[in-house]
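*Asks:* Everything below, folded, please.
(2 chains)
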Amino acid sequence: MPTLRLLAILQTDCPTCRLITPYLNKLAANATPIAAVSQDSEKDTSEFVRQMEVRFPIQRDPGFALSKRLEVVTVPTLYVLDENDRIVRQEPGFDKTALNEIATLLGLAPVATPYDGAPASKPGCTSRHLEVQTEDAAAAALDLHSPRGAKASSIQLADSDDPYEYCYRAFGDALPVVPPTAERVEKMLRAAARDPQEVIARIPPCYGEATVEKIAANAVMAGCVPEMMRVLIPLARAVADERFNAHGVQATTHFAAPLIIVNGPVRRELHFNSRQNLFSNTARSNSTLGRALQLILLNLGGARPDAIDMSALGNPGKFSYCIAENEEENPWEPLHVEHGLARDQSAVSLFASEAPHGVSEHNARTARGVLKSISYALATVWSYRACMGYEATVVLGPEHVHSIHHDGFSKQNVREFLFENTGVPLRCYSGDDPGEGFAQRGLYKEITIDGEPCYQKFRAPEAIKIVVAGGTAGKFSAVLGSWASGPRGSQMVTYPI
Amino acid sequence: MPTTLVNPMNERAPQAAPAAPRLATLQGKTVALLDISKPGGSVFLDRVELLLKQRYGVTSVIREMKPTFAKPAPAGVIEKIRGADAVIEALAD
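*Replies:* Numbering: from 1, shown residues only, chains lettered A, B, ... in the order given. Now for the predicted structure:
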């Protein structure tokens, strides 16, 4: 096998170069021949090496001689070179699949997983020697990918200070919090068993560092048990995943709040409620995990109500919004299995959600009858006449599931039936003031539902997510509308625990 | 016994970005109009463009649109309006 080496061309202020550096560190950890070239000054390069804890040799490129010779267009660009310096592979930008293929070429194990919080791919920046020169001074490089954050400061309370009142004054949350004393945070950190200064994620929209220690302090405030740290670590990564788009979810004037859906064995191990009253304040785990996420979003992400969070009407889920799937009553594959994980793998999913809209159906006995009732509620998601742009999570109650499954419906059958039977009659799009959804109707698909011409509500069956949850008495389900959805809005994300 | 708390807040000081110097006049200037792609934004900006040219002597207008109002403007959009003397952003419905 020929001896291959890796050369990376980097810029210190390019966000994609900062994104890729921890992966290059992983490659370098195996004594792989890897070197980098920085297109920036000695000072900027040294600061980059310090912040990013660079573990491979990095040289400068005076006069961009090497960049010009290699005809670099984008930074980062990775070159795999053979012993004669011939280019075996060239990879511009950041791409997890490409990184893993390069690792394989170098005889190494994969270095990128889908669940580390980083996007699957990201384009790079223009190579410095091709940049249009401007008179402006360069802005300081944003530090969004360094692996370690600052230690949290300590706050000494006077004996006369009531810790609860102090927390209200200093941290500004509307509900009481458990004071994050050094002793309580220490218990959380022991359970987490990680470096307290490790940055797990940076929380949008202000991109505050969610170090293990900061997550622990917020978990204490929410009332979590220390064992909840193993759920909070992947949850912090999930909420900062670009596909979920917390930047938009937290700043919108809409109702959306992140709904946590818990799957797998962790439901039993940490006593999550997946049965009756699951949207209510019944289980410590549901209530405190949802609350911890909200505190992390507020205290580290910075989207405070009436400052960055300008939601016109808000959402009661912003106190806490966390359910678990009732997998025991689910005859189909649970949510996390649909998303590619093993059934015995615990997982958290996030959905940018409106408040639950109840669907009562006590008379219908067939799958079609029950699902018809749900389809009428689904048609009202976002705004009755707005089609194609939105999604929904349907929480099917066990009694409804029993009727549906009895008629031989698979989960995909349920989704397709709801997709085909949810629409808005064309007669609703007339009048002097046609309203929201009217202007986009050129994009809609016309279908016939029960003999009536309609616009199809959803763009695909996959826009309807199915979760089985709730108590076994009572024929109820719930429809949860989305925020703006898809790649231009927020996408559901699922992370293994 | 005194209580010690671990600070749970983001302690990183926000980087202040000073506002650009105000323009003394719009006469002869280039103004960028950024539509965030909310419904009605183009109607509003059409009127603004007309008024800027007719009443204020703006010579050049750059029209750009974000692909979605739900996310920050991509680098390509920002690059196209970078050379303008002023930017007006149509923020919402």
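
*Asks:* since we're on the nearest residue to B:T3 once chain neighbours are set aside, how many residues are nearby?
*Replies:* Excluding the flanking residues, the one nearest B:T3 by CB to CB, 6 or more residues apart in numbering or on different chains is A:L157, at 4.3 Å. Placement of C-beta: from N, CA and C, glycine included. Residues lying near A:L157 (other CB atoms under 10 Å in any protein chain shown) number 17.

*Asks:* so what's A:L157 up against?
*Replies:* A:L157 is in contact with A:163, A:166, B:2-5, counting by CB atoms under 8 Å, 6 or more residues apart in numbering or on different chains.

*Asks:* ok, now A:P204?
*Replies:* By CB under 8 Å, 6+ apart, the contact set of A:P204 is A:240, A:245-247, A:250, A:301, A:303.

*Asks:* Please report phi then psi for A:G451.
*Replies:* Backbone geometry at A:G451, expressed as degrees, to the nearest 10, gives phi 80, psi 0.

*Asks:* now A:F458
*Replies:* In terms of degrees, to the nearest 10, the main-chain angles of A:F458 are phi -110, psi 160.

*Asks:* Likewise for the one 5 residues further on?
*Replies:* Dihedral angles of A:A463 (phi, psi; degrees, to the nearest 10) stand at phi -70, psi -10.

*Asks:* Do I have it right that it meets A:T393?
*Replies:* No. A:A463 is beyond contact range of A:T393, at 10.2 Å (criterion: CB atoms under 8 Å).

*Asks:* With adjacent residues omitted, what lies nearest to the residue in the stretch 101-250 of chain A that chain B sits nearest to?
*Replies:* Relative to chain B, the nearest point of the stretch 101-250 of chain A is A:G208 (3.0 Å; CB to the nearest CB). The spatially closest residue to A:G208, leaving aside those adjacent along the chain, is B:N10, at 3.0 Å (CB to CB, 6+ apart).

*Asks:* So that neighbour, which state does it fall into?
*Replies:* coil (DSSP: H, G, I helix; E, B strand; the rest coil).

*Asks:* hey, C-alpha coordinates of the longest helix belonging to chain A in CSV?
*Replies:* Criterion DSSP state H: the longest helix present in chain A is helix A:284-299. The C-alpha coordinates for helix A:284-299 follow below in CSV (Å, rounded to 0.1, in the frame of the first residue of the first chain):
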residue,chain,number,x,y,z
ARG,A,284,-40.2,14.5,37.1
SER,A,285,-38.1,13.4,34.1
ASN,A,286,-40.4,14.9,31.4
SER,A,287,-40.9,18.1,33.3
THR,A,288,-37.3,18.7,34.3
LEU,A,289,-35.7,17.7,30.9
GLY,A,290,-38.1,20.0,29.1
ARG,A,291,-37.4,22.8,31.5
ALA,A,292,-33.6,22.2,31.4
LEU,A,293,-33.7,22.6,27.6
GLN,A,294,-35.6,25.8,27.9
LEU,A,295,-33.1,27.2,30.5
ILE,A,296,-30.2,26.3,28.3
LEU,A,297,-31.9,28.0,25.3
LEU,A,298,-32.6,31.1,27.4
ASN,A,299,-29.4,31.3,29.5
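
*Asks:* Tell me which helix or strand the residue of chain A most remote from its centre sits in.
*Replies:* Largest separation from the mean C-alpha position in chain A: A:N84, at 43.6 Å (CA atoms, centre = their mean). When elements are assigned from DSSP states H and E, A:N84 belongs to no helix and no strand.

*Asks:* Distance of it relative to A:I34?
*Replies:* The gap separating A:N84 from A:I34 is 18 Å, by CB to CB, to the nearest Å.

*Asks:* same thing with A:A473?
*Replies:* 61 Å.

*Asks:* Settle it for me: which of these two has more neighbours?
*Replies:* Shown here are A:A473 and A:I34; by other CB under 10 Å, A:I34 has more neighbours (20 against 11).

*Asks:* who touches the more buried one in this structure?
*Replies:* Taking CB under 8 Å, 6+ apart as the contact definition, A:I34 lies against A:5-8, A:24, A:27-28, A:56.

*Asks:* B:M9 against A:L300, yeah?
*Replies:* Yes. In this structure, B:M9 is within contact of A:L300 by CB under 8 Å, at 7.5 Å.

*Asks:* got any residues that touch both of those two?
*Replies:* A:G208.

*Asks:* And those two? Which one has more around it.
*Replies:* For B:M9 versus A:L300, neighbours defined as other CB under 10 Å are more numerous around A:L300 (29 against 19).

*Asks:* Who are the contact partners of that one?
*Replies:* By CB under 8 Å, 6+ apart, the contact set of A:L300 is A:203, A:206, A:208-210, A:214, A:218, B:9-10.

*Asks:* one more time with 7 Å
*Replies:* Counting by CB atoms under 7 Å, 6 or more residues apart in numbering or on different chains, A:L300 touches A:203, A:208, A:210, A:214, B:10.

*Asks:* And those residues, which is closest to A:Q491?
*Replies:* A:I203 (17.7 Å; CB to CB).

*Asks:* Run a quick neighbour tally on the residue of chain B found nearest chain A.
*Replies:* With CB to the nearest CB, the shortest gap between chain B and chain A falls at B:N10, namely 3.0 Å. Residues near B:N10, counting by other CB under 10 Å, number 20.

*Asks:* I'd like to know how far it sits from A:N218.
*Replies:* From B:N10 across to A:N218, the span is 11 Å (CB to CB).

*Asks:* and for the two, which residues touch both?
*Replies:* Joint contacts of B:N10 and A:N218 (CB under 7 Å, 6+ apart) are A:N299.

*Asks:* near chain B, which residues of the stretch 151-300 of chain A?
*Replies:* Proximity of the stretch 151-300 of chain A to chain B, by CB under 7 Å from any CB of the partner chain, involves residues A:152-157, A:159, A:163, A:171, A:179-182, A:185, A:206, A:208-209, A:213-214, A:217-218, A:221, A:245, A:247-248, A:299-300.
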